[in-house]
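Novice: Give me a 3D structure for the following:
(chains A and B)
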Amino acid sequence: KAGVTQTPRYLIKTRGQQVTLSCSPISGHRSVSWYQQTPGQGLQFLFEYFSETQRNKGNFPGRFSGRQFSNSRSEMNVSTLELGDSALYLCASSLAATGTGVKEQYFGPGTRLTVT
Amino acid sequence: QKEVEQDPGPLSVPEGAIVSLNCTYSNSAFQYFMWYRQYSRKGPELLMYTYSSGNKEDGRFTAQVDKSSKYISLFIRDSQPSDSATYLCAIFPSTGANSKLTFGKGITLSVRP
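Specialist: Reported below is the predicted structural model:
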């Protein structure tokens, strides 16, 4: 079974631009969560989608948004990029929404975003 | 106080050593305790998870939870160079619409041949 895939793997953008990252979950998984990983803050939860609905959101500004499609694929968008948005963005998929007690999340390799 | 605090690193040990990785957490509502391993340029992979206090063993890895002191540990026996990676603890409440995984910052382990 194929794992979680994320595209692109690397991105370089300039301040003020916007970016869209893509995540394809493991086949059959309906929940996708997004995380930001930086050396200073570690792994921080951005949001979770299940059946095309946002179920949970972390403490990030409104510049960070996401969506999920009917095939469970998800995209994350960051508008008006800032230098501090440079990070590894990870998505993770699971069979059901995490609030239902399913705990296993499978991570993709991440998208390395550099903002200059 | 942060929800999860993880011992800072990095940590370097010789091959064959016993490694102890530790985290503390602040909220007693957390019920599930997990350890993830992350190799360089890869996403985290779930090593093991435990529910409630006690030990759980999987090969050379043992996860230990002490809910009374809000302390979780991962022990690696007979450490190998292939264990060199970043280890992250993560905690999770039992259920709830707003449940989310909360991670420690991670500790980088290097096992020297």
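
Novice: Find the centremost residue of chain A, please.
Specialist: Centrality entry for chain A: nearest residue to the mean C-alpha point is residue A:34, 2.9 Å, by CA atoms, centre = their mean.

Novice: for that residue, what are its contacts?
Specialist: With contact taken as CB atoms under 8 Å, 6 or more residues apart in numbering or on different chains, residue A:34 is in contact with A:23, A:45, A:46, A:47, A:48, A:66, A:74, A:76, A:89, A:90, A:91, A:92. The C-beta positions use only the backbone N, C-alpha and C, and glycine is treated the same way.

Novice: So the residue nearest to it when sequence neighbours are not counted versus residue A:76, what's the distance?
Specialist: Nearest residue to residue A:34, sequence neighbours excluded (CB to CB, 6 or more residues apart in numbering or on different chains): residue A:46, at 4.1 Å. Between residue A:46 and residue A:76 the distance is 7 Å, computed by CB to CB, to the nearest Å.

Novice: my read: the residue nearest to residue A:34 touches residue A:63, true?
Specialist: No: if you go by CB atoms under 8 Å, residue A:46 and residue A:63 don't touch, sitting 11.2 Å apart.

Novice: if you count what's nearby, which of these two comes out ahead?
Specialist: residue A:46 (22 against 13; other CB atoms under 10 Å in any protein chain shown).

Novice: Helix, strand, or coil at the more buried one?
Specialist: In three-state terms, and counting by DSSP: H, G, I helix; E, B strand; the rest coil, residue A:46 is strand.

Novice: Next, the contact list for it, please.
Specialist: With contacts defined as CB under 8 Å, 6+ apart, residue A:46 is in contact with A:33, A:34, A:35, A:36, A:57, A:58, A:60, A:64, A:66, A:76, A:89.

Novice: which element is the first one on?
Specialist: When you say that, I think you mean residue A:33. With the criterion set as DSSP states H and E, the secondary-structure element containing residue A:33 is strand A:31-38.

Novice: List the buried residues of that strand.
Specialist: A:31, A:32, A:33, A:34, A:35, A:36, A:37 (16 or more other CB atoms under 10 Å in any protein chain shown).

Novice: before we move on, what about stretch A:56-74?
Specialist: Judged by neighbour count using 16+ other CB under 10 Å, the buried positions of stretch A:56-74 are A:56, A:58, A:60, A:64, A:65, A:66, A:68, A:72, A:74.

Novice: and the last one, what does it touch?
Specialist: To tie it back to what came earlier, the one meant is residue A:74. Residue A:74 neighbours (CB under 8 Å, 6+ apart): A:22, A:23, A:25, A:32, A:34, A:49, A:66, A:67, A:68, A:91.
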